[in-house]
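> Sequence and predicted structure below; questions after.
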Amino acid sequence: QVQLVESGGGLVQAGGSLRLSCAASGNMFSINAMAWYRQAPGKQRELVARITRGDSTNYADSVKGRFTISRDNAKNTVYLQMNGLKPEDTAVYYCNFLLSTTPWNVPRDYWGQGTQVTVSS
């Protein structure tokens, strides 16, 4: 069974920085991609940043130049460095791993429990 545990959320003033972490544990065969999503009150969950096994990254337009996704393969951990935070970045942030647990099964999505990020103006 795979578990994702997030940390690093909190309250910060506009212009400040936070670093989110998400560590995966359990039986994993291959991780195809890692990502961060967020969901603000009354809005749909949206992709913030994604990094693939081949180190290709993509970002939501709203965070380009401010957020950086990275990973530590040895620790099965993905990070999201968030700089220049704005009040509109306030949301619950979820990590997501697309992975397979055996050589034979199709990769599926696993989600963290979510961590609150609040940016005050």
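Received it, and whenever you're ready, just let me know what you need.
> For the most far-flung residue of the chain relative to its centre, which three-state class applies?
Most distant from the centre of the chain: residue 104, at 26.2 Å, with distances by Cα atoms, centre = their mean. What DSSP: H, G, I helix; E, B strand; the rest coil gives for residue 104 is coil.
> Tell me the spacing between it and residue 12.
Counting by Cβ to Cβ, to the nearest Å, the gap from residue 104 to residue 12 is 44 Å. In this view, the C-beta of every residue, glycine as well, is placed from N, C-alpha and C.
> same question, residue 63
Counting by Cβ to Cβ - residue 63 and residue 12 are separated by 15 Å.
> check contacts around the residue nearest to residue 7 when sequence neighbours are not counted.
Among residues not flanking residue 7 along the chain, residue 21 sits closest, at 5.1 Å (Cβ to Cβ, 6 or more residues apart in numbering). In this structure, residue 21 makes contact with 6-8, 77-79, judged by Cβ atoms under 8 Å, 6 or more residues apart in numbering.
> Check the secondary structure at residue 21 for me.
Going by three-state DSSP: residue 21 is strand.
> Could you export the helix or strand containing residue 97 as PDB, CA atoms only?
Residue 97 belongs to strand 91-100 when assigned by DSSP states H and E. Only the C-alpha atoms of strand 91-100 are listed here, as PDB (Å, rounded to 0.1, in the frame of the first residue of the first chain):
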ATOM      1  CA  ALA A  91      -5.600  26.900  -1.300                       C
ATOM      2  CA  VAL A  92      -5.200  23.300  -0.100                       C
ATOM      3  CA  TYR A  93      -2.200  21.800  -1.900                       C
ATOM      4  CA  TYR A  94      -2.200  18.100  -2.800                       C
ATOM      5  CA  CYS A  95       0.700  16.000  -4.000                       C
ATOM      6  CA  ASN A  96       0.100  13.400  -6.700                       C
ATOM      7  CA  PHE A  97       2.200  10.400  -7.800                       C
ATOM      8  CA  LEU A  98       1.500   8.400 -10.900                       C
ATOM      9  CA  LEU A  99       3.000   5.100 -10.200                       C
ATOM     10  CA  SER A 100       2.800   1.300 -10.600                       C
END
